[in-house]
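J.: structure here, sequence nowhere to be found:
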């Protein structure tokens, strides 16, 4: 345990200079300078319950989002489906499949969507509605590749086509994720690094008619929500029936301040899982709930059952939003 703690402190000390060298132009309190915000919503109930501290943990189809190098951590093919009742009545969904081309080469296909029901258009002169409707939707199709280079080191990449639709306006982009995963010698300590949503600046396309009848067809470009994640995970306690997993992660987004994610998972007999997570922006008090934070605490539970033809897992997560209420997520995973 002392060895794990010492290494964790050492790796945490390396986080800031390492991320500064890789992404020197990203940092600071830069809220509101990126688009395609749905890409910042995590996938999978397990990750949500663990406070999104998944860069060194994800080992199923959700790794295509968190860290594509994690696709190499599971020797079986798998499918994952996740649904989230997001804020303001939005629906967030994820589906992914993992296929082993060889023991060391893994492919994954995934889709992420965020959509609203039809909403009535209102104007200054018709605040109760015009009788016309519009909808909002986002979709991202990804193909991921993970390669196990050695028994300790893996890397992965995701290429993602993204489209956002808001009435007559559309945004399209091709973005990239890169990730690495390293098992640090004997024991369970592992180390993950990922850069997500890397790509060019993007602007909407479409003709927009204003109330005065004028038309707008040129818009300002903004960057996608690029994020650098670095984290460690390990098991401080494990025996034949019980296992405790801890995960620590530092996020460095291009449109906000750095933040820390911490997750803890207790597994009993490898079929019942209890999870909790916490998120903190650097500079905030660590203990207690900060009313200014969006989503401080998360909790979840998971069960795994072996069937005749597959191993099925069901996960649930509850995320606490201080000002906006709660978000509920469910996931179903199948291994074959």
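T.: Yep, it's here. For clarity, every value in this text was computed on a predicted model and none was experimentally measured.
J.: and residue 95, how many neighbours?
T.: Residues within reach of residue 95, counting by other C-beta atoms under 10 Å, total 17. To be clear about C-beta, it is placed using only N, CA and C from the backbone, and glycine gets the same treatment.
J.: which ones are touching it?
T.: Taking C-beta atoms under 8 Å, 6 or more residues apart in numbering, we find residue 95 in contact with 61, 79, 80, 81, 82, 110, 111.
J.: any idea whether the first one is helix, strand or coil?
T.: When you say that, I think you mean residue 61. Taken by DSSP: H, G, I helix; E, B strand; the rest coil, the conformation at residue 61 corresponds to coil.
J.: hang on, isn't it packed against residue 77?
T.: No. Between residue 61 and residue 77 there is no contact under C-beta atoms under 8 Å: 9.8 Å.
J.: who has more neighbours, these two?
T.: The neighbour count for residue 61 versus residue 77, taken as other C-beta under 10 Å, is higher for residue 61 (30 against 16).
J.: what about the nearest residue to the more buried one once chain neighbours are set aside, which SS state?
T.: The spatially closest residue to residue 61, leaving aside those adjacent along the chain, is residue 96, at 3.1 Å (C-beta to C-beta, 6 or more residues apart in numbering). Put simply, residue 96 is strand when judged by three-state DSSP.
J.: look up how far residue 333 lies from residue 96.
T.: 10 Å (C-beta to C-beta, to the nearest Å).
J.: intersection of neighbour lists for those two?
T.: Here residue 96 and residue 333 share the contacting residues 60, 61, 79, 80, scored by C-beta under 8 Å, 6+ apart.
J.: how about the residues you listed in CSV, adding distance to residue 201 and pLDDT?
T.: Written out in CSV, the entries for the shared contacts of residue 96 and residue 333 read as follows (distance: C-beta to C-beta, whole Å; pLDDT from 0 to 100):
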residue, distance to residue 201, pLDDT
60, 32, 96
61, 30, 97
79, 35, 98
80, 31, 98
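J.: determine which two of these are furthest apart.
T.: 60 and 79 (8.8 Å; C-beta to C-beta).
J.: the more surrounded of those two?
T.: Set residue 60 next to residue 79 and count neighbours by other C-beta under 10 Å: residue 60 wins out with 26 against 17.
J.: per-residue pLDDT, residue 326?
T.: Per-residue confidence at residue 326 stands at 89 (pLDDT).
J.: residues in contact with the residue nearest the centre of the chain?
T.: With distances taken as C-alpha atoms, centre = their mean, residue 42 lies nearest the centre of the chain, 3.1 Å away. Taking C-beta under 8 Å, 6+ apart as the definition of contact, the neighbours of residue 42 are 48, 52, 54, 65, 66.
J.: quick revisit: burial of the residue nearest to residue 61, as a residue count?
T.: The number of residues packed around residue 96, counting by other C-beta under 10 Å, is 26.
J.: what residues are bridge-paired with it?
T.: When bridges are assigned using DSSP bridges, the partners listed for residue 96 are residue 80, residue 110.
J.: isn't it up against residue 64?
T.: Yes. Look at residue 96 against residue 64 with C-beta under 8 Å: they come within range, at 5.5 Å.
J.: what touches both of the two?
T.: Shared contacts of residue 96 and residue 64, defined by C-beta under 8 Å, 6+ apart, comprise 108, 110.
J.: what segments of the stretch 51-200 of the chain are helices?
T.: Under the criterion DSSP state H, counting those that start in this stretch, the stretch 51-200 of the chain carries helices at the ranges 63-66.
J.: shaky segments in it?
T.: Counting by pLDDT under 70, the stretch 51-200 of the chain shows low-confidence ranges at 185-187.
J.: same thing but 80
T.: Of all residues in the stretch 51-200 of the chain, those with pLDDT under 80 make up the ranges 123-124, 185-187.
J.: and what of the stretch 201-336 of the chain?
T.: Within the stretch 201-336 of the chain, the segments meeting pLDDT under 80 span 208-213, 282-296, 322-324.
J.: just to revisit the earlier point, make CSV out of the contacts of residue 42 and add neighbour count and distance to residue 247.
T.: Supplementary listing: those in CSV, determined by neighbours: other C-beta atoms under 10 Å; distance: C-beta to C-beta, whole Å:
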residue, neighbour count, distance to residue 247
48, 30, 13
52, 26, 10
54, 31, 7
65, 30, 16
66, 29, 11
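J.: follow-up on the earlier one: which residues touch the residue nearest to residue 61?
T.: For residue 96, counting by C-beta under 8 Å, 6+ apart, the contacting residues are 43, 60, 61, 62, 64, 65, 79, 80, 108, 109, 110, 111.
J.: list the contacts of the fourth one.
T.: Counting by C-beta under 8 Å, 6+ apart, residue 62 touches 43, 44, 46, 47, 54, 80, 82, 94, 96.
J.: ok, of the residues you listed, which one's closest to residue 250?
T.: When the contacts of residue 62 are compared for distance to residue 250, the smallest value, 12.9 Å, is given by residue 54; criterion: C-beta to C-beta.
J.: list phi and psi for the closest one.
T.: Backbone dihedrals for residue 54, given as degrees, to the nearest 10, come out at phi -120, psi 0.
J.: that one contacts residue 251, doesn't it?
T.: No. Residue 54 lies out of contact with residue 251 (C-beta under 8 Å); the separation is 10.9 Å.
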